[in-house]
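# Any chance you can model this:
(2 chains)
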Amino acid sequence: MKDKVGAVLVVGGGIAGIQAALDLADSGFRVYVVEDTPSIGGTMTQLDKTFPTNDCAMCILAPKLVGAGRHANIHLITNAEIRKVEGEAGNFKVTVTRRARYVDSEKCTGCGVCAQECPVEAIDEYDEGLNRRSAIFVKYLQAVPSTFIIDREKCIGCGTCQEVCRADAVRYEDKDEHVELNVGAIILAPGFEEYNPSLKSEYGYGRYPNIVSSIEFERILSATGPYSGVVLRPSDGKIPKKIAFIQCVGSRDETTGNTYCSSACCMYGIKEAVIAQEHTPGVECTIFFMDIRAYGKEFDAYYNRAKEEYKVRFVRSRIPKVEEVPGSRNLLVRYVAEGELKEEEFGLVVLSVGMRPPKYAKELAEILGIKLNKYNFCSTNTFSPLGTSRHGIYVCGAFAGPKDIPESVAQASGAAAEAASIIASERGKLATVKKLPPEKDVSGEKPRVGVFVCHCGINIGGTVNVPEVVEYAKTLPDVVYAEHNLYTCSEDTQKRIREKIEEFNLNRVIVASCTPRTHEPLFRETVREAGLNPYLFEMTNIRDQCSWVHIREPKKATEKAKDLVRSIVAKARLLRPLKKPTVNVIPAGLIIGGGIVGMTAALELARQGFEVHVVEKEKELGGHLRTLHYLLEGEDPKEQLSKTVKQVMENDKIHVYLGAQVVDVSGFVGNFKSKIMFNGEEKEIEHGIIIVATGAVEYKPTEYLYGLDLRVLTQHELEEKISKEEFKAEKVVMIQCVGARTKERPNCSRICCGQAIKNALKIKEVRPETDVYILYKDVRSYGFKEDYYRKAAEKGVLFINYDDERKPQATNENAKLKIKFWEPVIKTEVEIEPNLLILSAATIPNPDNKQLSEMLKVPLTKGGFFLEAHMKLRPVDFATDGVFLCGMAHSPKYIDESIAQACAASARAATILSKKALEMEGIVANVDEDLCSGCRICESLCPYSAIEMKEQTEEKRVAHVIEALCKGCGVCGTACPTKAVTMGHFTTDEIMAQVKATLVEEIKA
Amino acid sequence: MSFEEPKIACFVCNWVFGEEELATSRVRKAANVNVVRVMCIGRIDPVIVLQTFMKGADGVLLVGCAPPDCHFVEGNVYAELTVNVLKKLLVLTNLEPERLELRWVSPIEEVRFAKIIKDFTEQLGKLGPSPLAREKRDVNILENVLAAKNAVTNFRLRALIGKEKELTKSVNAYGERVSCEEFNALLDEVVEEEFIRHKLLLAMKKPFSVKELAKALNMKPAVVLRHIVNMRRKGMIALDSVEGTTPLYKAVEVR
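Reported below is the predicted structural model:
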């Protein structure tokens, strides 16, 4: 076999691809991201808000985009496609075609002058055709890379862009280019394509202007979209009073061939209705649905809020047809509700379109030699949810089946772990490490400030008189040099800044340009390369705060820019160098919980070369999986369990502690010390990270005679019975949502619908004559599980809907078990006498969670599951660095989803364990121990538990900052009654200097 | 109704006629014909032509050297492209495109200036007086012509006119020739877009809704909205206020 290569190819630069790339690059591998379109970011860049947190999609995505764009180990190859793959796991040769872009990415600064002057317009795909763009364009405002591209189809070659480009970046002679990549593993994240709603002609999409697809509606809702965030009817630009959302367009529909459920549409439909309300108070939103599939973490709570707070109306009805009302161009929706045919007019109709595999899926599969499923999504299986049919090639995101963002992100991290395990031996070999000159000692030197003011093309320079600001800066105290740049962030300006630091012996550097959030790290790096401490750099934002907000008032904008520069110079004079604390990393992990999830995480970490300690409280590994006898998709859980247990037990790097318990955890990321009770003794373990994989438990029902009548069982008990071949009932009733989606526990347990369908199908297999009734609130067989729901219905399983107002009732009269329920189709009360009543009992949090959360200082949700750092983009991280979660400890989920999260947690952990030492942020709090009174106020306020009390003398205890945990927010400093806490880089003196510099001049004026 | 003495503005290339021809031609002295001498007919900016119409000319006549002869190499070709765009615009303004004529005169041909004037006068005679020349001017058409003038003042159209010859007769930036049909189709699209956008801009000196604009401009509301979306992106107009369920837009004043 050929030598292994420490590089990975990621196909697709959407959120999944980016996450996989970041995790791999952060753990010592080189990553190539090949993206089909001109910029990375994928579908998420088009979304307005995201459920269930209503975060702005772009705001949470942008830091990841920038992070990927400037990562030394991530190479973005955009506007490109893969052509050929040869070789095997560990060493693939991939041929990539980079299509001509006609703009030099090294030179283009993204200023946009070319697009303003381009005489040719084309349909803007990013705005879903609701707007137009130039023939030379950038996909979206914050695009990474921000290099423009020429739409060769539309461009007439007039040469205007080349003439106006001051960076000399336009290259009409550009040609397609073939690139050969040598990688050890491949991750597929090509995403999905939206179902084309014009194929369902009965809805009139494309004929009636006021029918839009859900992705168009995202653009309509977006502040950067065609209507600037005001919901308008495309026919006449009026704000609609009533909006209808039609669900399952191109999903769960045999006429379209897409019989699967697209998984995300219920939630995005609800979100769009909620956001429409927020943008246009008073608009009435109605969602026409078959089942509301709010199965994810906290989704039902969101669904309930939509109903109660936002008054979104939900109507259970499949819409056969939509017609336009002539004149008003309103839309007439006919539907059946409560058994009656109704019709209602709406001003706007949104079609919640489903997800289809990417259009080049087949071609891709052929090139890669991987199998697709019958819908042309990538084929995977329950115990290997991220593996394709070819070793060394992994999949994540919607290409592995329709899914939402957090699931995609978890799969992406998981795929990164799988890819890394193939080439773990090559870690660090292809990763770039920068060499830096020693830091100059500037202490005792008089401040010598250099100011660099950015035109940002015309972005700033078109409004602010930049040369005037530069001349003004030169008059400020201690400023020894000032200049203006067309683009201060361009590569050649970085060189210039370094030269000027040298030439003028600058010891403070200021850039007046755009936002520090995106650009400060770049400039800090630049001054560091010139031998200055990175904290001797400061930045002020004259774009957002001057040229943008005062776009029509150039004089005022210029004056304000001067004020900001004066203020930041005042601060910069006081800046002091800060040290970035480093902590050594113990390359070992602690995994709490030895179920399939804990074992998977352990194996992944061990394969990546790290020691792992697995603590399981039971006497046996396997957890919840031990109770499963068969699976919906047909795999054998018993076989898989014993295989996994064997692998774990035989791995030298994995240390298993059975019947053990973690009793104490101290330390911080990279350096944890834990005590475990094992065999009656306390054992101490040192480790760099912690993974929580403690699972969840089945709710013991108190409803429906459970425990009182032996004929009432839970789904698990039924499964046990069937597997022991003891099942002989003639009539079975199953009741869904027992203990879930109630007042106390508003959220869905996600797996019970699948369990019920699994058991119903098994009954029909072992005893076809048995009658099975499933009483449900919504059948939540999302994704490809929908096929099993349909199969169950075909086999004669009866699905009957109930709601909270009319819950089924179970009675035991004279030893007769009777179930009474309302049958909504025939509108009558029905009573049956089943032999068995099966309760789909909720999955509830592990009772140990509370204690563990206190020990680890990590939060729980209201319901008692562990709460991750961010529901959308950090699904397996805790806010506390170095602590991760996965599986049912996070929320109820199926095995494949739990395994994906286990892999994800190990990938996230590997980003820490792969480093010898971690460099922490230098902006941290400092305690003057002489001033500290030991009052502990700071300790109680610190949101990161970064302050601990330590003994200074026998009688005095003082606050001590654990720098590795401090995030530099400054809350402690503000609260300290004796002013003993100071904040690096944001000292009171520095802040006051800024304030004075701003105000004094104003008073004078 | 035909009328005998239409007001004609006549731009003549300095080199097309000998001094003698112009001097002896009586038409020069005719009260209804104003001859403006230019160095080359390629000098006639489309803005000048439209302004001339706004000032009340019944017809505008451009006279230049017949290709391939041009004292300035190919100023005449450029004039032809300009007139092509102007005619497209005139159609949109509802002013008859026949009111604008470009005539070639070859130095080796015996074409009399008087004959050209006579023919054009006849042509205008059939059209009657310009709606902008009457005592009571047609304000709609006047506004249309103003919008057209603004459109050709703008970079986009001027750039296309300026590049047309190079792209269609020689090669473009990619070393390919753009077919005349393709270029003409693009011109049609751009002329219409720019004309509509500038009409909208003129209308939107005060706040207007999409529906009102559509009615005033006799356009489909959906089309008006599409333009508004585009113009907002370009910073030409802004949302002014929302009345009930109707947003009102207003032109952004250029500083």
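# Around chain A, which positions in the stretch 101-250 of chain B sit nearby?
Applying CB under 8 Å from any CB of the partner chain, one finds that the stretch 101-250 of chain B approaches chain A through B:155-157, B:159-160, B:163, B:167, B:172-176, B:178, B:182-183, B:186, B:190, B:193, B:209-211, B:214, B:221-222, B:224-226, B:228-230, B:232-235, B:239, B:242, B:245-247. In short, each C-beta sits where N, CA and C put it, glycine included.
# Which members of these occur in helices, if any?
B:155-157, B:159-160, B:163, B:167, B:182-183, B:186, B:190, B:193, B:210-211, B:214, B:221-222, B:224-226, B:228-230, B:232-233 (DSSP state H).
# Among these, name the buried ones.
Neighbour-count burial within these applies to B:156-157, B:159-160, B:163, B:167, B:183, B:186, B:190, B:193, B:210, B:214, B:221-222, B:224-226, B:228-230, B:232-233; the criterion is 16 or more other CB atoms under 10 Å in any protein chain shown.
# shaky segments in chain A?
In the predicted model of chain A, residues A:1, A:1001-1005 satisfy pLDDT under 70.
# how's the chain carved up into domains?
No chain in the question, so chain A it is. Following automatic domain parsing, one finds the domains of chain A at A:7-99+A:176-192+A:357-426, A:107-174, A:194-356, A:449-572, A:584-695+A:846-914, A:698-844, A:925-997.
# wrong one, I was asking about chain B
Following automatic domain parsing, chain B resolves into domains at B:8-127, B:204-255.
# where exactly do the strands run in the stretch 101-250 of chain A?
Remark: strands assigned in the stretch 101-250 of chain A by DSSP state E, counting those that start in this stretch are A:121-123, A:132-134, A:136-137, A:149-150, A:177-183, A:185-188, A:193-194, A:211-213, A:242-249.
# And the stretch 351-500 of chain A, by the same measure?
Under DSSP E, counting those that start in this stretch, the stretch 351-500 of chain A gives strands at A:355-356, A:393-395, A:449-454, A:479-485.
# Could you list the residues of chain A in contact with chain B?
Residues of chain A lying close to chain B (CB under 8 Å from any CB) are A:116-117, A:119-121, A:130-132, A:156-160, A:162, A:172-173, A:209, A:226-228, A:230, A:232, A:234-241, A:551-552, A:554.
# follow-up on the earlier one: a markdown table for the domains of chain B, including mean pLDDT?
Output for these, formatted as a markdown table (pLDDT from 0 to 100):
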| stretch | mean pLDDT |
| --- | --- |
| domain B:8-127 | 84 |
| domain B:204-255 | 90 |
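# Now tabulate the ones you listed in TSV and tack on distance to residue A:505.
Listed next are the domains of chain B as TSV, based on distance: least, CB to CB, whole Å:
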stretch	distance to residue A:505
domain B:8-127	56
domain B:204-255	42
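# Could you point out which of the ones you listed sits nearest residue A:63?
Residue A:63 lies closest to domain B:204-255 among those, at 25.6 Å (CB to CB).
# ok, the closest residue in space to residue A:859 that isn't next to it in sequence to residue B:14 distance?
Excluding the flanking residues, the one nearest residue A:859 by CB to CB, 6 or more residues apart in numbering or on different chains is residue A:867, at 4.4 Å. Distance of residue A:867 to residue B:14, computed by CB to CB, to the nearest Å: 84 Å.
# between these two, which one's more packed in?
Higher neighbour count among residue A:867 and residue B:14: residue A:867, with 21 against 15, using other CB atoms under 10 Å in any protein chain shown.
# How about the contacts made by the more buried one?
A:858, A:859, A:860, A:861, A:878 (CB atoms under 8 Å, 6 or more residues apart in numbering or on different chains).
# same thing with residue A:471?
Counting by CB under 8 Å, 6+ apart, residue A:471 makes contact with residue A:482.
# Name the residue of the stretch 501-650 of chain A that lies nearest to chain B.
residue A:552 (5.7 Å; CB to the nearest CB).
# What residue in the stretch 351-500 of chain A comes nearest to chain B?
Nearest residue of the stretch 351-500 of chain A to chain B (CB to the nearest CB) works out as residue A:463 at 9.4 Å.
# Phi, psi for the residue nearest to residue A:859 please.
Backbone geometry at residue A:867, expressed as degrees, to the nearest 10, gives phi -110, psi 120.
# so how far is residue A:419 from it?
Residue A:867 is 28 Å from residue A:419, by CB to CB.
# one step back: please identify the deepest-packed of the strands of the stretch 351-500 of chain A.
strand A:393-395 (a mean of 29; mean count of other CB atoms under 10 Å in any protein chain shown).
# Now do the helices in the stretch 851-1000 of chain A.
For the stretch 851-1000 of chain A, the helices defined by DSSP state H, counting those that start in this stretch occupy A:895-913, A:937-941, A:971-975, A:988-1004.
# And for the stretch 1-150 of chain B?
Here the stretch 1-150 of chain B has its helices, by DSSP H, counting those that start in this stretch, at B:19-24, B:46-54, B:75-93, B:113-127, B:139-153.
# What residues of the fourth one count as buried?
Same thing as helix B:113-127. For helix B:113-127, by 16+ other CB under 10 Å, it's B:113, B:114, B:116, B:117, B:120, B:121, B:123, B:124, B:125, B:127.
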